[in-house]
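A.B. asks: Just need the structure, nothing else, for what follows:
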Amino acid sequence: MKKVVLVWVSMLLLASCSRAVVDTTSQQYQTIVWQPDGSGWTQFDTNDPSKMDNPYTYIVPSWTVSAGGTVKVGIKQNSGSPMVLLGIVFGYVNSNNFWVLCINQANQTDSVWLYHWNGLLWQFVHAYPDNGIVLGAGVENDVSVTYATDGKSLTFYDNGTQIFPYGVTSGPSLTSTDTAVTKAGGISALAGTGVGFAVLMDSDENFPSTPMNARFKQY
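C.D. replies: Sure, this is the predicted structure:
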């Protein structure tokens, strides 16, 4: 997945926002979307080629954040391409306005990426240097977002280490003065309080022989 504006049909995203289990008619394919795995994690598991090049998000019911608060998600990728982006949904206003902070295990230089979804486009906003991401199948990495007490800026962390974005004029926080925020809809886009999980798959998965298997945990 390159640092470009990613274009997907809005309906695909909207269809993916609810929790569901989908088994295709072929015994070769299976998809388990946003289901508890019995050990405190939420699973996403598919080996269906038709699921590639699609975004999947899940907004956790009753999970919100307000000014001065922090939200954190634990992420484990057990199998699949390292090109998949796994992350936390935050600033969720509605299905046409939210942000995703995600891990890219294939890029060891800039391994945390920020996107904004505006209902039509996935806009790449920032790439963050690798401060603490641990590579490997089944390894847990945590990403978190802290809202300033005035509600006007955000600070990001991976595994407890503060992330410093490239090209941000105001330092380690994302604020209304940043060009990237202006392009992505302004600081009003940060007003959403919903939080959840995200899977952004590319077309390089080795389906059906190797499933994309991931786990997410709310902290």
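
A.B. asks: what residue lies at the spatial centre of this protein?
C.D. replies: The centroid of the chain falls nearest to G87 when counting by CA atoms, centre = their mean (2.8 Å).

A.B. asks: what's that residue in contact with, if anything?
C.D. replies: Under the criterion of CB atoms under 8 Å, 6 or more residues apart in numbering, the neighbours of G87 are 73, 75, 100-103, 113, 143, 197-198, 200. For every residue, glycine as well, the C-beta is placed using N, CA and C.

A.B. asks: Report the beta-bridge partners for V145.
C.D. replies: In this structure, V145 has beta-bridge partners V71, F156, where bridges are defined by DSSP bridges.

A.B. asks: Pull up the gap between it and T193, please.
C.D. replies: 12 Å (CB to CB, to the nearest Å).

A.B. asks: Find the residues that touch each one of those two.
C.D. replies: Shared contacts of V145 and T193, defined by CB under 8 Å, 6+ apart, comprise V65.

A.B. asks: which of the two has more neighbours?
C.D. replies: Relative neighbour count places V145 above the other of V145 and T193, with 24 against 16, counting by other CB atoms under 10 Å.

A.B. asks: hang on, that one packs against V65?
C.D. replies: Yes - checked against CB atoms under 8 Å, the pair V145 and V65 is within contact range at 7.4 Å.

A.B. asks: ok, which stretches of this structure are helices?
C.D. replies: For the chain, the helices defined by DSSP state H occupy 10-16, 179-183.

A.B. asks: where among those is the average confidence lowest?
C.D. replies: Among the helices of the chain, helix 10-16 has the lowest mean pLDDT, at a mean of 39.

A.B. asks: circling back to that earlier point, mind checking which of the contacts of G87 are in strands?
C.D. replies: The strands, defined by DSSP state E, take in 73, 75, 100-103, 113, 143, 197-198, 200 from these.

A.B. asks: Give me the below-cutoff pLDDT ranges for this structure.
C.D. replies: Within the chain, the stretches with pLDDT under 70 are 1-27, 107-108, 130-131, 151-152, 164-191.

A.B. asks: Need the nearest residue in space to the residue nearest to the centre of the chain, chain neighbours excluded.
C.D. replies: Closest residue to G87 apart from its sequence neighbours, by CB to CB, 6 or more residues apart in numbering: C102 at 2.8 Å.

A.B. asks: what bridges to V33?
C.D. replies: When bridges are called by DSSP bridges, V33 pairs up with A20, F44.

A.B. asks: which of the contacts of G87 lies closest to Q35?
C.D. replies: Minimum distance to Q35 across the contacts of G87 is 11.8 Å, recorded for F197 (CB to CB).

A.B. asks: Report the contact partners of the closest one.
C.D. replies: Contact analysis of F197 by CB under 8 Å, 6+ apart lists 34, 42, 44, 57-58, 60, 73, 86-89, 216.
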